[in-house]
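Peer 1: Sequence and predicted structure are below.
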Amino acid sequence: EAGVVQSPRYKIIEKKQPVAFWCNPISGHNTLYWYLQNLGQGPELLIRYENEEAVDDSQLPKDRFSAERLKGVDSTLKIQPAELGDSAVYLCASSLEGHTGELFFGEGSRLTVL
Amino acid sequence: AQSVAQPEDQVNVAEGNPLTVKCTYSVSGNPYLFWYVQYPNRGLQFLLKYITGDNLVKGSYGFEAEFNKSQTSFHLKKPSALVSDSALYFCAVRVSGGYNKLIFGAGTRLAVHP
């Protein structure tokens, strides 16, 4: 069974440029999450989808961050414009209904903003 | 406020010795507690969880964790450490506001020496 796939693995951009990250969850997983992981810290939830509906986006900085999950499968997280403080690893995860707390994470997309 | 704390940035242990990685939590209601492991350049992997029942829960790779309600702790343990256990370990707790809304501790780096 394929795991959660994220791309790109690494991205280096200049500040004020846009960037997008893509995530393909495990087939059949209805819940998808985007987490932010800063160096030396635990993951912090940005947004959570139940199918195509964003049910928790309270931690998403909506002035520059946006996300979508069309058709309830793949998801894209966008930052526009990027700031120096956005340098971090962006993690995508998915889970299956009924499996409390068992999230499957991708390898992450490491963003460096110069 | 709901939170989870991992008081040790790093734990060092000799191969073959028992290991403990500490975690304390603060939540309202009954806690749902989890441990995840992150190997270098890999995504987080679910290890084990406590929902209800026996205070000692067993998980992957020979790990177990003990739930202690009076001390609000959920320490991760293994009777005999392996060098391959060296990784970053995260404790997490489910918080109110979502079926699988988890908050993670800052992580503890486990180093097992030959």
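Peer 2: Yep, that arrived. These numbers were taken from a predicted model, which means no experiment stands behind them.
Peer 1: from here on, contacts and neighbour counts on C-alpha atoms
Peer 2: Will do.
Peer 1: Check which residues of the helix or strand of chain A with the lowest mean pLDDT are buried.
Peer 2: The least trusted helix or strand in chain A, going by mean pLDDT, DSSP states H and E, turns out to be strand A:53-56, with a mean of 89. By neighbour count, with 16 or more other Cα atoms under 10 Å in any protein chain shown as the criterion, the buried positions of strand A:53-56 are A:Ala54, A:Asp56.
Peer 1: Give me the contact list for the helix or strand just after it.
Peer 2: Past strand A:53-56, further along toward the C-terminus, the next helix or strand under DSSP states H and E is strand A:65-68. The contact list for strand A:65-68 (Cα atoms under 8 Å, 6 or more residues apart in numbering or on different chains) reads A:Glu52, A:Leu60, A:Ser75, A:Thr76, A:Leu77, A:Lys78, A:Ile79, A:Gln80.
Peer 1: Tell me if I'm right that B:Tyr107 and B:Cys91 touch.
Peer 2: That one is not Tyr; residue B:107 is Gly. Yes: assessed by Cα atoms under 8 Å, B:Gly107 is found in contact with B:Cys91 at 7.0 Å.
Peer 1: Direction included, what does the least confident helix or strand of chain A pair up with?
Peer 2: Strand pairing for strand A:53-56, using DSSP bridges, gives strand A:44-50 (antiparallel).
Peer 1: Let's see the strand it pairs with as CSV, backbone CA atoms only.
Peer 2: Output in CSV follows, covering the C-alpha atoms of strand A:44-50 (Å, rounded to 0.1, in the frame of the first residue of the first chain):
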residue,chain,number,x,y,z
GLU,A,44,1.4,22.2,14.6
LEU,A,45,-1.9,21.7,12.8
LEU,A,46,-2.6,24.2,10.0
ILE,A,47,-5.8,22.8,8.5
ARG,A,48,-7.8,19.6,8.6
TYR,A,49,-10.2,18.3,5.9
GLU,A,50,-13.0,15.8,6.2
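Peer 1: Of B:Gly107 and B:Cys91, which one has the most company?
Peer 2: Neighbour totals were compared for B:Gly107 and B:Cys91, and B:Cys91 leads with 31 against 28 (other Cα atoms under 10 Å in any protein chain shown).
Peer 1: Now do stretch A:5-12: distance from first to last residue.
Peer 2: Separation of the first and last residues of stretch A:5-12 by Cα to Cα, to the nearest Å is 19 Å.
Peer 1: got the contact list for that stretch?
Peer 2: A:21-25, A:92, A:106-114.
Peer 1: show me the residues around A:Gly98 that make contact.
Peer 2: For A:Gly98, no residue meets the contact criterion (Cα under 8 Å, 6+ apart).
Peer 1: secondary structure element for it?
Peer 2: For A:Gly98, there is no enclosing helix or strand under DSSP H and E.
Peer 1: Please, where are all the strands along chain B?
Peer 2: Listed in chain order, the strands of chain B (DSSP state E) span B:3-5, B:10-14, B:19-21, B:24-26, B:33-38, B:44-50, B:56-58, B:64-68, B:73-78, B:87-94, B:102-104, B:108-113.
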